[in-house]
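Asks: Below is the structure, and that's it, no one-letter string:
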């Protein structure tokens, strides 16, 4: 089955700097890769996703890149702000066969210091 | 906006008790899921259901069962709670897979269960 590895487990950045979180997956059939942000005491919420037919996607200060050959994808946050502090999870799935059945990375605790 | 509601935010139960975790979604989603969240392990799928009365095992089903009697409600059952089931439990739902392409999960706020 699919296995997703996420690095680093913790990431401290100065406000205004960039943050990068990397994930690798094992199943070459995986074709959908969402990223979730979980603030302390709250539910995970989707912040950006990418499909296997796209190499890069941006939404304001966040972007995701996908390298299908190497089987890895990354989250990039630019101009970090204190409200970016949270745990970030990457995930992978192979819809429609495994609809909703995501394999998650272990999470990255991001701390943005003013 | 999709709303997934878990009935309890915090639960404390004793070893051996039967525990029910309830989840309700209001968007008529066919598909519902129970994940368990532990530090350093991310989210792991326990059970899921693609329709009423249907259930399928996820990656870590041992010690759990589920019930889906109504479309909007999906219950997770710990038949005999053990201390290693102390965890955060997250319910989620997702739109129908047919003709929808890819779609993200919508999560509830979670139930933090402590088994003593």
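Replies: Ah, there it is. In this text the structure is predicted, and so the values were computed from the model without any measurement. Numbers count the residues shown, from 1 in each chain, chains lettered A, B, ... in the order given.
Asks: what about residue B:81, which SS state?
Replies: coil (DSSP: H, G, I helix; E, B strand; the rest coil).
Asks: Check whether it really touches residue B:19, as I assumed.
Replies: Yes. Using Cβ atoms under 8 Å, residue B:81 is in contact with residue B:19, at 5.0 Å. For glycine as for every other residue, the C-beta is placed from the backbone atoms N, C-alpha and C.
Asks: what's the average pLDDT for stretch B:40-54?
Replies: In this model, stretch B:40-54 carries a mean pLDDT of 92.
Asks: do the same with stretch A:45-61
Replies: 92.
Asks: what mean pLDDT does stretch B:58-74 have?
Replies: Stretch B:58-74 comes out at a mean pLDDT of 96.
Asks: ugh, wrong one, I meant stretch A:82-92
Replies: Rounded mean pLDDT across stretch A:82-92 is 96.
Asks: what's in contact with it?
Replies: Under the contact criterion Cβ atoms under 8 Å, 6 or more residues apart in numbering or on different chains, stretch A:82-92 has outside partners A:2, A:4, A:6, A:15, A:19, A:21, A:23, A:25, A:27, A:30, A:32-40, A:44, A:47, A:73, A:75, A:77, A:102-105, A:107-114, B:42-43.
Asks: Can you select the buried ones from the residues you listed in PyMOL?
Replies: Entered in PyMOL, the line below selects the buried ones among the contacts of stretch A:82-92, by 16 or more other Cβ atoms under 10 Å in any protein chain shown:
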select buried, (chain A and resi 2+4+6+19+21+23+25+27+30+32+33+34+35+36+37+38+44+47+73+75+77+102+103+104+105+107+108+110+112) or (chain B and resi 42+43)
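Asks: what do residue B:81 and residue B:19 both touch?
Replies: Both residue B:81 and residue B:19 are contacted by B:13, B:113, B:115, under the criterion Cβ under 8 Å, 6+ apart.
Asks: Thank you, goodbye.
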